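Participant: requesting a structural model of the entry that follows:
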Amino acid sequence: MRNIVIFVNPANSDDFFAGLENGDGSVAKGVQHTDWANFPHLGILSLASYVSMFGYESVYFDGVAVSIDELYAYVGENSDKILAVCFSAITANFNSCLYIGEFVKSVDGSIKTIFGNDHFSVMHEKIMQRYWSVDYGVVGNEVYQTLKALLDAIRDHGDISCRLPSLVTKDIVSPGEGREEEINHYVDYSLIDGVFDHASVYKKNFQARLTGRIHDLTQRFVTSGVPVEIARGCIKFSGDDACSFCSIQYGGMWRNHLHHEQAWGAIKTAHDNGYDYLYITADELPLTFGRLLLDMDKFKPKWWLDLPIHKRPMLVGYARADGMEKSHVMEAMANIGFKILFVGIDAGAMKSLQALKKPLRKKDVIASSESMYMANLNAMENARRFGVKIKAGFVLGHVGMDKELLYENVREYKNILSMGRDVIVSADVEMLSPEPGSKDYEYLINPEVARREAKALGLEIAEDAVLNEVACYYKDKDAFDREAAINDYIRAMMPTLCKGDIAAVRDEIRAYSKSLGIVVGDEL
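Facilitator: From the prediction side, this is the model:
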């Protein structure tokens, strides 16, 4: 009986196909995946762990760390035992997923392919209709129970004969409503090296790129990192009001989290498996999960208290600046081991904050933007107070951005970096990419929405002919070149700018960051 289920995270398509051209089948240089080459992939590890509880032989494969040739060899040698191959399909690696899926089907057409994650969730109707190598898909974020039921049906009957929440097939391209489900808190870390050698690659990358820098910043020596899920969601999802560039398909639940005892249990399991740098994955922590963090501080477990301070796991995670204004929550985070927070500052100009949908939705949009601006400054003060370092993220570009706004953002970014040079340890500065599922992507494919948004902001976008041309091109796409999409977004949504203008500003901010001693990019 076929009982092997392979969970695959392919390399970004650019790296993947460059590797094929080079003849080495590996990630070219990790140019677009260097950050995640330091850590196991939580999504495929968690799903693999979950289905393994029900008797399936789960195989974990991360193409960011291991050559695709090794997967091909394994499939060839074990094809008669493989039930399904499951793909984590984001926009950056979607073409890689298709290519590997075609290979799997060419080896043995009886092996089923199952796609999921954000890009697939957005594009599932087109994908299911167009690609023979895609058998099934699960849409959204609540997919564990459906995946298990789908695998059972394939194993026992060769196919699925009933509707399942979130499931799409060649015949059913509109998924049923997702079921609410708890966060999976069972993770089998032995799967990481169960078939392929991943751990040594992750650890080597982590120690080469992060260990020394983290020691310089925190005087803590950490050797190995892993993402840990104790919560899922973002305060912005509560009103279906994600930031304009956010493409996360959060499913039917805007917020979900473990009980504080389970959360500490997940942290202990990771630590017991040798990980001392734990990447808490929730999209925003202090505002969305303040109560969980306060309870974790109040009920710190004995095993953690018994550890010497320098042996306790270091926690890092995501935060909004306005969440970091909450001193009692920040104190709790510091108390339970948070040392670094990734903070999306994203815009300096108040009009840009509005365009990026950064402020929480309030009646007075201008006051909300002013409050968000002040939150950036207050967040840095609380970071100093509680000994937490900030990894700042900046996004360049938005609907209607012109040269005046661009340069205003530059001035404000530099001001923030200068004032926070003692707590901001790293700065990511990138051009806005209109990822499928985001509002910015919606602007590309729906000119009327873009016009309405620009008018509300009092900003200008391109003339109708350009908007309609771009929309016509992208409406039928299920995959596209991301650099080309950035160019088209600038042409349609920021007609007074060109990519060179934004690239020059990006380089200026990066150079300024470096002059302040702030690391640029993914070295932290």
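Participant: tell me where the stretch 201-350 of the chain has strands.
Facilitator: Assigned by DSSP state E, counting those that start in this stretch, the stretch 201-350 of the chain shows strands spanning 225-228, 231-233, 255-257, 277-280, 314-319, 338-346.
Participant: could you export the fourth one as CSV, CA atoms only?
Facilitator: Okay, so that is strand 277-280. Output in CSV follows, covering the C-alpha atoms of strand 277-280 (Å, rounded to 0.1, in the frame of the first residue of the first chain):
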residue,chain,number,x,y,z
TYR,A,277,16.8,30.9,18.9
LEU,A,278,13.1,30.6,18.4
TYR,A,279,11.4,32.5,15.7
ILE,A,280,7.8,33.1,16.9
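Participant: okay, now the sheet partners of it, with direction.
Facilitator: Paired strands of strand 277-280, with direction, are strand 225-228 (parallel), strand 314-319 (parallel) (DSSP bridges).
Participant: possible to save those as a markdown table with mean neighbour count and distance to A242?
Facilitator: The way it works is simple: take the backbone N, C-alpha and C, and place the C-beta from them, glycine included. Compiled in a markdown table, the strands paired with strand 277-280 are given as follows (neighbours: other C-beta atoms under 10 Å; distance: least, C-beta to C-beta, whole Å):
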| stretch | mean neighbour count | distance to A242 |
| --- | --- | --- |
| strand 225-228 | 24 | 21 |
| strand 314-319 | 22 | 14 |
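Participant: got the ones you listed as JSON lines, with distance to F120 and mean pLDDT columns?
Facilitator: Shown next, in JSON lines, are the strands paired with strand 277-280 (distance: least, C-beta to C-beta, whole Å; pLDDT from 0 to 100):
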{"stretch": "strand 225-228", "distance to F120": "20", "mean pLDDT": "96"}
{"stretch": "strand 314-319", "distance to F120": "23", "mean pLDDT": "96"}
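Participant: redo those as CSV? Include distance to L294.
Facilitator: Below are the strands paired with strand 277-280 laid out as CSV (distance: least, C-beta to C-beta, whole Å):
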stretch, distance to L294
strand 225-228, 19
strand 314-319, 15
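Participant: which one of those lies closest to V410?
Facilitator: strand 314-319 (23.9 Å; C-beta to C-beta).
Participant: hmm, who's touching the closest one?
Facilitator: With C-beta atoms under 8 Å, 6 or more residues apart in numbering as the test, strand 314-319 has contacts from 214, 218, 220, 222, 267, 276-287, 333, 336-344, 379.
Participant: again with stretch 203-219
Facilitator: With C-beta under 8 Å, 6+ apart as the test, stretch 203-219 has contacts from 34, 37-39, 65, 220-225, 277, 314, 339-340, 389, 425, 519, 522-524.
Participant: shaky segments in the chain?
Facilitator: Of all residues in the chain, those with pLDDT under 70 make up the ranges 23-36, 346-347, 361-370, 373, 522-524.
Participant: could I get the strands of the stretch 201-350 of the chain as TSV with distance to E325?
Facilitator: Listed next are the strands of the stretch 201-350 of the chain as TSV, based on distance: least, C-beta to C-beta, whole Å:
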stretch	distance to E325
strand 225-228	25
strand 231-233	20
strand 255-257	20
strand 277-280	19
strand 314-319	10
strand 338-346	12
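Participant: between the ones you listed, which gets nearest to H124?
Facilitator: Of those, nearest to H124 by C-beta to C-beta is strand 231-233, at 20.5 Å.
Participant: which other helices and strands contact the closest one?
Facilitator: With contacts taken as 3 or more C-beta pairs under 8 Å, 6 or more residues apart in numbering; DSSP states H and E, strand 231-233 sits against strand 255-257.
Participant: please spell out which residues along the strand it packs on are buried.
Facilitator: 255-257 (16 or more other C-beta atoms under 10 Å).
Participant: export the residues you listed as TSV, with columns for distance to E408.
Facilitator: Formatted as TSV, the buried residues of strand 255-257 follow (distance: C-beta to C-beta, whole Å):
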residue	distance to E408
R255	34
N256	38
H257	38
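Participant: ok, so of those residues, who is nearest A89?
Facilitator: Nearest member of the buried residues of strand 255-257 to A89, counting by C-beta to C-beta, is N256, at 22.0 Å.
Participant: how long is stretch 249-268 end to end?
Facilitator: Using C-alpha to C-alpha, to the nearest Å, one end of stretch 249-268 lies 29 Å from the other.
Participant: now that stretch: buried residues?
Facilitator: The neighbour-count check on stretch 249-268 (16+ other C-beta under 10 Å) flags 249-251, 253-258, 260, 263-267 as buried.
Participant: quick one: which of those is nearest to S238?
Facilitator: W254 (4.9 Å).
Participant: my read: the closest one touches G233, true?
Facilitator: Yes: if you go by C-beta atoms under 8 Å, W254 and G233 touch, sitting 5.5 Å apart.
Participant: what is the neighbour count of the residue nearest to V466 when sequence neighbours are not counted?
Facilitator: Using C-beta to C-beta, 6 or more residues apart in numbering and skipping residues adjacent in sequence, the residue nearest V466 is A492, 5.6 Å away. Using other C-beta atoms under 10 Å, A492 is surrounded by 24 other residues.
Participant: kindly report the same for E181.
Facilitator: E181: 17 surrounding residues under other C-beta under 10 Å.
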